[in-house]
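**Q** Sequence and predicted structure below; questions after.
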Amino acid sequence: MSDAGPPIGLEALEARVRDDLGCISYPDANWIPERTGPDGHTALDVLVIGGGQGGLAIAHALKRARIERVRIVDRAPEGREGPWMTYARMPTLRSPKQVNGPDLDIPSLTFRAWFVAQHGEVRWVELNKIWKEDWAAYLLWLRRVLEIRIENGVSAERISPLVSGDLISVDLVETGSGARETVFARKVVIATGIESPGKWWTPPEIAALDRKYWAHASEDIDFESLKGRRVAVLGAGASAFDNAATALEAGAARVTVCCRREELQRVQPFKWLSFPGFLGHFAELDDPWRWRFMNHLLTLREAFPKETWERTARHDAFELLTGAPWLSCDVRDGRVEIVTPKRKLEADFLIVGTGFDIDLAAVPEFSDIAAHAALWRDRFQPPAGEENPRLGRYPYLDPTYAFQEREPGTAGWLRHVRLFTFGATLSFGPSGSSINAMKFAVPRLVSGIVRDLFTEDVAQHWDSLKAYDLPEFLFPGEDGQAAPQKPVIGRMA
């Protein structure tokens with residue numbers, strides 16, 4: 001892709017995609033026996049919950065593995081899957097532009113190929129980071145060119161085992177009409193990014209206030225209504241600063257960002273771990289090493305890029321208070337009074353950028369899973385000095401992202417449900433909500449599904465092998481036509 005000529009256009013790129021997919025289509029056999037659900041219909045081989053970048057990449061890999069009975073559902077409208085066009089308030093991705101993920105290492109499916117086909121190589125060289133709108137458009141293009149059908153406006157309400165048999169029952173609801181459907185699947189993959197399993201966390205002293213005075217950074221916020229008003233933001237991560245910048249750009253009179261740390265986190269440890277050894281094999285480390293690494297990384301949190309800092313710091317109305325956790329928040333005379341160790345603040349509106357808390361029980365559709373799934377605190381006791389109750393709430397997943405039983409013999413059905421979200425981080429490192437780890441993580445997960453679907457049907461495959469009698473060639477006359485006269489060997493003409 002070093003040619004600096006004119007862009008080839010998407011039509012030409014899509015022709016190349018079709019050729020590339022054809023070149024790697026081997027083997028292409030339909031190999032999975034059908035299972036019948038209790039409703040009398042053929043059960044799904046896999047149900048994928050979530051049609052954002054993770055669900056899309058998994059669907060791509062399942063298709064390449066010739067797993068055809070697959071449904072993908074997403075509660076959001078088409079084009080609004082994931083955070084990119086909703087609560088992601090940064091202009092660009094934080095990952096470097098060279099990152100590749102849902103393409104699964106097919107060059108013609110990479111973001112770079114998509115971008116260069118439309119804008120040319122020179123524009124690619126000039127590009128700093130990927131604009132979030134471009135990334136969202138690229139994901140929609142992948143969905144179309146790979147012919148992956150995603151059912152939008154459909155959410156999963158409950159994931160449960162059948163009373164008998166190995167199928168998983170999932171209640172689906174159309175968000176518009178409210179129409180309900182129960183589907184049965186051999187395998188379920190939860191691929192909802194950072195948004196499960198748990199909840200966006202808000203300190204109780206803020207949650208107790210009238211909602212007209214505050215919003216979480218993950219929610220819809222009317223930033224135009226903040227023009228001329230004083231805004232206080234709690235949090236020191238990229239999301240908190242992105243929301244602060246958006247308020248400043250909307251004309252807020254003052255935006256004060258408060259964080260409990262005395263210094264901002266300016267070192268980005270997740271840049272260090274972006275190498276094949278860590279991304280591909282972190283999950284193979286023993287529990288003490290996995291805990292040690294992730295306890296360090298998740299306690300440090302991610303630093304935000306310099307573009308985020310510059311976006312906020314260039315405004316005269318911006319103020320940063322470090323070492324300033326909010327000790328109390330009270331509404332007086334239509335404004336919020338905030339007490340910090342540094343000083344008191346007054347604000348007209350609060351934005352909470354305090355991140356996500358892992359809690360299986362907080363998600364209604366996970367109620368049956370939460371009752372039986374093993375957490376890290378059930379399997380590992382960290383050494384003195386490395387305790388972290390927050391990390392102990394992460395699910396303890398098997399090597400292919402499947403849930404495991406807390407008590408042996410009580411919930412074997414959990415092995416059929418895989419978690420490809422931020423909740424997989426302690427077991428796998430960056431994976432379920434990470435673009436740069438996707439090329440390592442998705443093949444691991446899908447390989448586990450392929451293994452299970454094969455081994456669970458091994459008796460049927462054995463019977464199929466014994467019954468297989470297709471000859472490689474036919475003897476004369478076996479095709480139903482008259483046999484030609486056989487030559488007489490040894491006769492001279």
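**A** Sure, I can see it. Numbers count the residues shown, from 1 in each chain.
**Q** Low-confidence stretches in the chain?
**A** In the predicted model of the chain, residues 1-4, 480-493 satisfy pLDDT under 70.
**Q** tell me which element the closest residue to residue 392 other than its chain neighbours is part of?
**A** The shortest distance from residue 392 to any non-neighbouring residue, by CB to CB, 6 or more residues apart in numbering, is to residue 377 (3.3 Å). Where C-beta positions appear, they are placed from N, C-alpha and C, glycine not excepted. Assessed by DSSP states H and E, residue 377 sits inside helix 376-379.
**Q** Who are the packing partners of that helix?
**A** Under the contact criterion of 3 or more CB pairs under 8 Å, 6 or more residues apart in numbering; DSSP states H and E, helix 376-379 touches helix 389-392.
**Q** circling back to that earlier point, mind listing what's buried along the helix holding residue 377?
**A** By neighbour count, with 16 or more other CB atoms under 10 Å as the criterion, the buried positions of helix 376-379 are residue 376.
**Q** go on, stretch 124-132?
**A** For stretch 124-132, by 16+ other CB under 10 Å, it's 124, 127, 129-132.
**Q** okay, the residues you listed in JSON lines with distance to residue 10 and secondary structure next?
**A** Output for those, formatted as JSON lines (distance: CB to CB, whole Å; DSSP: H, G, I helix; E, B strand; the rest coil):
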{"residue": "124", "distance to residue 10": "15", "secondary structure": "helix"}
{"residue": "127", "distance to residue 10": "17", "secondary structure": "coil"}
{"residue": "129", "distance to residue 10": "22", "secondary structure": "coil"}
{"residue": "130", "distance to residue 10": "17", "secondary structure": "coil"}
{"residue": "131", "distance to residue 10": "17", "secondary structure": "strand"}
{"residue": "132", "distance to residue 10": "20", "secondary structure": "helix"}
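**Q** Test my guess that residue 170 contacts residue 183.
**A** Yes - counting by CB atoms under 8 Å, residue 170 does reach residue 183; the two are 5.4 Å apart.
**Q** quick one: which of these two has more around it?
**A** Higher neighbour count among residue 170 and residue 183: residue 170, with 23 against 20, using other CB atoms under 10 Å.
**Q** How far away from the center of its chain is the helix holding residue 377?
**A** Centre-to-centre, helix 376-379 and its host chain are 23 Å apart (CA atoms, centre = their mean, to the nearest Å).
**Q** For stretch 406-424, measure first residue to last.
**A** One end of stretch 406-424 to the other measures 16 Å (CA to CA, to the nearest Å).
**Q** any idea how far it is from the chain center?
**A** Relative to its parent chain, stretch 406-424 has a centroid offset of 17 Å by CA atoms, centre = their mean.
**Q** Any chance of JSON lines for the buried residues of stretch 124-132, columns distance to residue 266?
**A** Shown next, in JSON lines, are the buried residues of stretch 124-132 (distance: CB to CB, whole Å):
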{"residue": "124", "distance to residue 266": "29"}
{"residue": "127", "distance to residue 266": "24"}
{"residue": "129", "distance to residue 266": "18"}
{"residue": "130", "distance to residue 266": "22"}
{"residue": "131", "distance to residue 266": "24"}
{"residue": "132", "distance to residue 266": "23"}
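**Q** longest single helix anywhere in the protein?
**A** Across the chain, the longest stretch assigned as helix under DSSP state H is helix 438-456.
**Q** ok so, going back, using CSV, write down the CA coordinates of the helix holding residue 377.
**A** Provided in CSV are the C-alpha atoms of helix 376-379 (Å, rounded to 0.1, in the frame of the first residue of the first chain):
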residue,chain,number,x,y,z
TRP,A,376,-11.7,-14.2,41.3
ARG,A,377,-12.2,-13.9,45.0
ASP,A,378,-13.6,-17.5,45.0
ARG,A,379,-10.5,-18.9,43.3
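**Q** Would you mind listing the outside residues contacting it?
**A** 287, 291, 389, 391-396, 406, 426-427 (CB atoms under 8 Å, 6 or more residues apart in numbering).
**Q** which residue ranges form the helices in the stretch 251-400 of the chain?
**A** Per DSSP state H, counting those that start in this stretch, the stretch 251-400 of the chain has helices spanning 269-272, 276-281, 287-300, 306-313, 367-372, 376-379, 389-392. These are given in chain order.
**Q** Indicate which one of those helices is closest to residue 438.
**A** Among the helices of the stretch 251-400 of the chain, the nearest to residue 438 by CB to CB is helix 276-281 (9.3 Å).
**Q** same for that closest one, what does it pack against?
**A** Judged by 3+ CB pairs under 8 Å, 6+ apart, helix 276-281 is in contact with helix 438-456.
**Q** what's the next secondary structure element after the helix it packs on?
**A** Next helix or strand after helix 438-456 toward the C-terminus (DSSP H and E): helix 458-467.
**Q** from the chain's centre, how far out does that following helix sit?
**A** Here the centre of helix 458-467 is set off from its chain's centre by 36 Å, with CA atoms, centre = their mean.
**Q** Measure how it sits relative to helix 438-456, angle-wise.
**A** Orientation check (axes from the mean of the first three to the mean of the last three CA atoms, to 10 degrees): helix 458-467 against helix 438-456 gives 70 degrees.
**Q** tell me which residues of stretch 224-231 are tucked away?
**A** 226, 229-231.
**Q** For the nearest residue to residue 285 once chain neighbours are set aside, the count of nearby residues, please.
**A** In space, and not counting its chain neighbours, residue 285 is closest to residue 293: 7.5 Å by CB to CB, 6+ apart. Residues near residue 293, counting by other CB under 10 Å, number 17.
**Q** go on, residue 142?
**A** 22.
**Q** neighbours around the residue lying closest to residue 236 once chain neighbours are set aside, how many?
**A** Leaving aside its chain neighbours, residue 236 sits nearest to residue 259 (3.3 Å; criterion: CB to CB, 6+ apart). Residue 259 has 23 neighbours, counted by other CB under 10 Å.
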